[in-house]
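K.L.:
The following comprises the amino acid sequence and a computationally predicted model.
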2 protein chains.
Amino acid sequence: MATIFDVARVAGVSTKTVSRVLNNEARVADDTLARVRAAVADLDYRPNPNARSLAGRRSYLIGLFYDNPSRNYMADIMGGAIRRCQEKGYHLLTEPCEADDPNLPRLMVSVAARFRLDGLILTPPIVDRQDVLDAIAQANVPLIRIAPRTDPARTPHVHMDDEAAARLAAYHLADLGHTRLGMILGHPDHGAAELRQRGFMDAAAERGLTLSPDHIMPGDFSFARGFAAAEQLLALPNRPTAIFAGNDDMAAATVAAANKHGLQVPRDLSVIGFDDSPIAQVIWPPLTTIRQPTMAMAAAAVDLLIGDSDPEPVRQLGFELMVRQSTGPVGG
Amino acid sequence: MATIFDVARVAGVSTKTVSRVLNNEARVADDTLARVRAAVADLDYRPNPNARSLAGRRSYLIGLFYDNPSRNYMADIMGGAIRRCQEKGYHLLTEPCEADDPNLPRLMVSVAARFRLDGLILTPPIVDRQDVLDAIAQANVPLIRIAPRTDPARTPHVHMDDEAAARLAAYHLADLGHTRLGMILGHPDHGAAELRQRGFMDAAAERGLTLSPDHIMPGDFSFARGFAAAEQLLALPNRPTAIFAGNDDMAAATVAAANKHGLQVPRDLSVIGFDDSPIAQVIWPPLTTIRQPTMAMAAAAVDLLIGDSDPEPVRQLGFELMVRQSTGPVGG
DNA sequence: GTGAAAGCGCTAACAA
DNA sequence: TTGTTAGCGCTTTCAC
């Protein structure tokens, strides 16, 4: 393995100059630059990341702390972050943790200090823990939050407009002629759940549609709760002709419940989900749903941390209505 | 942040002695050991991993190279590996890559050398690339393969007995009284696909059941192919009363196809899958399937790499038949 | 059983 | 614009 000394020797310069080139510092003569670059290519030299972070103040390492709420969500987050890191010459350190561990602030600061992490990315739900935020701020570690629900101004963050997305769901259903709308809510502890409810109901009201209280069922984002809620909804004498579920798992559960009760989707019931998780396309009929840009959010978080992009401290990403076959005109 | 010097000073020993304690080397006097341990605890000292791997020959870092074939599978692999690493004081470096990148051998060796990785874990399909294996062997980097299908004796590895698992599926169906069995095969490039087919057919034959050729459909592990295959199977005049799909995605597709054609599962058709992926439990009825211990396999791979366990170079993990509601006695 | 000193490969501060 | 000299915090010789 070639070292920086080898490169310096071949290029006929000092190691510091090589270092300058490596780190894109200004003030390097063009021909020096070229010679160093050539030597690097020649020797297939790659800096040793350990030496780099030991000597310097950066590590090219980003820490992702999470308390795995949903498998698919985390897979998307990690996938998006890892790929972007790779593109930028960074690496991702993934640290599972316990959302209610009282020791979490100390743990995170300690890991950040020892590895000289260039920054931290947090996802829900720990993204909203005040003691964690305090500790990170005090330790002066750069932090990007993904989808924070409290105190958003406190740190740079990445999010999407859940409320506007839910509005879109309501418009879609209204456009199809549905008037008896039902909804299965998300987990009450999850800020997005409330936003989705508000957006959906407001937009429905705009179109002159009000949801009767017994058409609004509590839920918790799980298939099981969604299934039970859907069964109740479908047993109602004036059952809704269209149901908006707070996420795809519950939407899938609604489709399953409809099947079980001999109702055909979308002829007898339209169902719309939220997330565009993999399940949306591995059931029949495939779900109409809102595509949440989870991978893109993680990638944007990396960008913000690296500071390689525009310096906006807040990034709002777009969503998309994926119209598939679980929704259709009222009455088939 | 405390350094090794601080610990040495507090314990009244040299840094080398602290280092000995940290690395569990033999020949440290009991009271010295105790004093050092006390100092470490006192100062809440944690060795700097960068300094450690720069100076020493280990990094406490394990590399996982993968070409994300299936989201759920990789999430399980990563989850299992990360958790076990964390327990053992290691960290996991996750490196997505391209399975057909001709440069892969060089890339992997380079990353391993620069990070001084303590070892590599490979998953299908790159686990079977000969040039990759050659390069890793030549670079003398410890390697554990997960579910290799070619040349298993070549390296230590972790796997499960796909064939025996598939036999179990056949016995289950036979025990329920089914005689007209169908099967949807996995991807032909995937070694496990063949093993599952062989196990299923052999076990069926044992019970005096032979699958008619038109009841064996090719597939590729995808929902879409599975759906098409199931539709063909169900359109047959003497359609099977039970179908074994090569994985859960295709089993879910089979249930969906049955629904679409007005057949009720399991009354009119029993379906059994393979993997016990999350989808198995978010459809209706939930799938009877073989639980594949993916997380445990990844954890075992870490164990083998760290050498912290029994020194067997091959580890075979158990599977489990998860009987749920997609299978039932023939004729309902 | 323990310690002194010399690096690991790089960047930081300061000089030139 | 470039080079010199110290470290970063640890493990490794090789003595004792």
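P.N.:
Now that the structure is in, tell me what you want to look at. Residues are numbered from 1 along each chain as shown, chains lettered A, B, ... in the order given.
K.L.:
Going by C-alpha atoms from here, please, whenever you check contacts or count neighbours.
P.N.:
Fine.
K.L.:
all strands for the stretch 101-250 of chain A, in order.
P.N.:
For the stretch 101-250 of chain A, the strands defined by DSSP state E, counting those that start in this stretch cover A:119-122, A:143-146, A:157-160, A:181-184, A:216-217, A:242-245.
K.L.:
for the first one, packing partners?
P.N.:
Identification of packing neighbours for strand A:119-122 by 3 or more Cα pairs under 8 Å, 6 or more residues apart in numbering or on different chains; DSSP states H and E yields strand A:61-66, strand A:143-146, helix A:294-306.
K.L.:
what sits up against that strand?
P.N.:
A:61-66, A:112, A:141-146, A:301-302, A:305 (Cα atoms under 8 Å, 6 or more residues apart in numbering or on different chains).
K.L.:
can you pull the buried residues of that strand?
P.N.:
For strand A:119-122, the neighbour count (16 or more other Cα atoms under 10 Å in any protein chain shown) marks A:Gly119, A:Leu120, A:Ile121, A:Leu122 as buried.
K.L.:
any idea how far the second one is from DNA strand C?
P.N.:
Just to be clear, that refers to A:Leu120. Distance check for A:Leu120 against DNA strand C: by Cα to the nearest atom of the strand, to the nearest Å, it reads 19 Å.
K.L.:
From B:Val330, how far off is that residue?
P.N.:
56 Å (Cα to Cα, to the nearest Å).
K.L.:
what does the third one give?
P.N.:
As judged by Cα to Cα, A:Ile121 and B:Val330 stand 53 Å apart.
K.L.:
distance between stretch A:266-285 and the chain's centre?
P.N.:
Centroid displacement of stretch A:266-285 relative to its chain, using Cα atoms, centre = their mean, to the nearest Å, is 21 Å.
K.L.:
can you tell if it touches chain B?
P.N.:
Yes - under the criterion of Cα under 8 Å from any Cα of the partner chain, chain B is reached by stretch A:266-285 at A:Ile279, A:Val282, A:Ile283, A:Trp284, A:Pro285.
K.L.:
returning to that earlier point: would you turn the buried residues of strand A:119-122 into TSV with distance to DNA strand D and pLDDT?
P.N.:
Formatted as TSV, these follow (distance: Cα to the nearest atom of the strand, whole Å; pLDDT from 0 to 100):
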residue	distance to DNA strand D	pLDDT
A:Gly119	18	94
A:Leu120	20	96
A:Ile121	24	96
A:Leu122	26	96
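K.L.:
and which of those is nearest to A:Glu98?
P.N.:
The nearest member of the buried residues of strand A:119-122 to A:Glu98, counting by Cα to Cα, is A:Leu122 at 12.7 Å.
K.L.:
among the strands of the stretch 101-250 of chain A, which is the most enclosed?
P.N.:
strand A:242-245 (a mean of 30; mean count of other Cα atoms under 10 Å in any protein chain shown).
K.L.:
if we look at that one, which residues are touching it?
P.N.:
Contacts of strand A:242-245 (Cα under 8 Å, 6+ apart): A:169, A:173, A:178, A:180-186, A:226, A:251, A:254, A:269-274, A:327.
K.L.:
number of nearby residues for whichever residue of the stretch 201-332 of chain A sits closest to DNA strand C?
P.N.:
The minimum distance from the stretch 201-332 of chain A to DNA strand C, using Cα to the nearest atom of the strand, falls at A:Ile306 (15.4 Å). The local packing of A:Ile306 (other Cα atoms under 10 Å in any protein chain shown) involves 17 other residues.
K.L.:
And it, how far from A:His91?
P.N.:
The gap separating A:Ile306 from A:His91 is 12 Å, by Cα to Cα.
K.L.:
mind giving me CSV with the strands of the stretch 101-250 of chain A and columns for distance to B:Asp161?
P.N.:
Shown next, in CSV, are those (distance: least, Cα to Cα, whole Å):
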stretch, distance to B:Asp161
strand A:119-122, 39
strand A:143-146, 41
strand A:157-160, 44
strand A:181-184, 42
strand A:216-217, 45
strand A:242-245, 40
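K.L.:
Write out the residues of the stretch 151-300 of chain A neighbouring chain B.
P.N.:
A:223, A:249, A:252-253, A:256-257, A:259-260, A:279, A:282-285.
K.L.:
what would those look like in CSV with secondary structure and distance to DNA strand D?
P.N.:
As requested, these are arranged in CSV below (DSSP: H, G, I helix; E, B strand; the rest coil; distance: Cα to the nearest atom of the strand, whole Å):
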residue, secondary structure, distance to DNA strand D
A:Phe223, helix, 47
A:Asp249, helix, 46
A:Ala252, helix, 51
A:Ala253, helix, 52
A:Ala256, helix, 56
A:Ala257, helix, 58
A:Asn259, helix, 61
A:Lys260, helix, 61
A:Ile279, helix, 46
A:Val282, coil, 49
A:Ile283, coil, 52
A:Trp284, coil, 56
A:Pro285, coil, 57
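K.L.:
can I get these in CSV with distance to A:Ala164 and pLDDT?
P.N.:
Formatted as CSV, these follow (distance: Cα to Cα, whole Å; pLDDT from 0 to 100):
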residue, distance to A:Ala164, pLDDT
A:Phe223, 24, 89
A:Asp249, 21, 91
A:Ala252, 22, 94
A:Ala253, 24, 94
A:Ala256, 27, 91
A:Ala257, 28, 94
A:Asn259, 30, 86
A:Lys260, 32, 84
A:Ile279, 23, 86
A:Val282, 26, 84
A:Ile283, 26, 87
A:Trp284, 27, 86
A:Pro285, 25, 90
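K.L.:
Type out the PyMOL command that picks the buried ones from these.
P.N.:
Buried residues within these, by 16+ other Cα under 10 Å, are selected in PyMOL with:
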select buried, chain A and resi 223+249+252+253+256+257+259+279+282+283+284+285
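K.L.:
Which one of the residues of the stretch 151-300 of chain A next to chain B is nearest to A:Val28?
P.N.:
Proximity of these to A:Val28 (Cα to Cα) peaks at A:Ile279, which lies at 53.2 Å.
K.L.:
Return the distance of stretch A:72-90 from the chain's centre.
P.N.:
The chain centroid and the centroid of stretch A:72-90 are separated by 10 Å, computed with Cα atoms, centre = their mean.
K.L.:
before we move on, what about stretch A:102-120?
P.N.:
The answer for stretch A:102-120 is 21 Å, by Cα atoms, centre = their mean.
K.L.:
And A:Gly80, how far from DNA strand C?
P.N.:
Taken as Cα to the nearest atom of the strand, the span from A:Gly80 to DNA strand C is 26 Å.
K.L.:
So what's the model's average confidence on the host helix or strand of that residue?
P.N.:
Here A:Gly80, judged by DSSP states H and E, is contained in helix A:71-87. Throughout helix A:71-87, pLDDT has a mean value of 89.
K.L.:
Check the closest residue to DNA strand D within the stretch 51-200 of chain A and give its pLDDT.
P.N.:
At 2.9 Å from DNA strand D, A:Ala55 is the closest residue in the stretch 51-200 of chain A, using Cα to the nearest atom of the strand. Looking at A:Ala55, its pLDDT reads 91.
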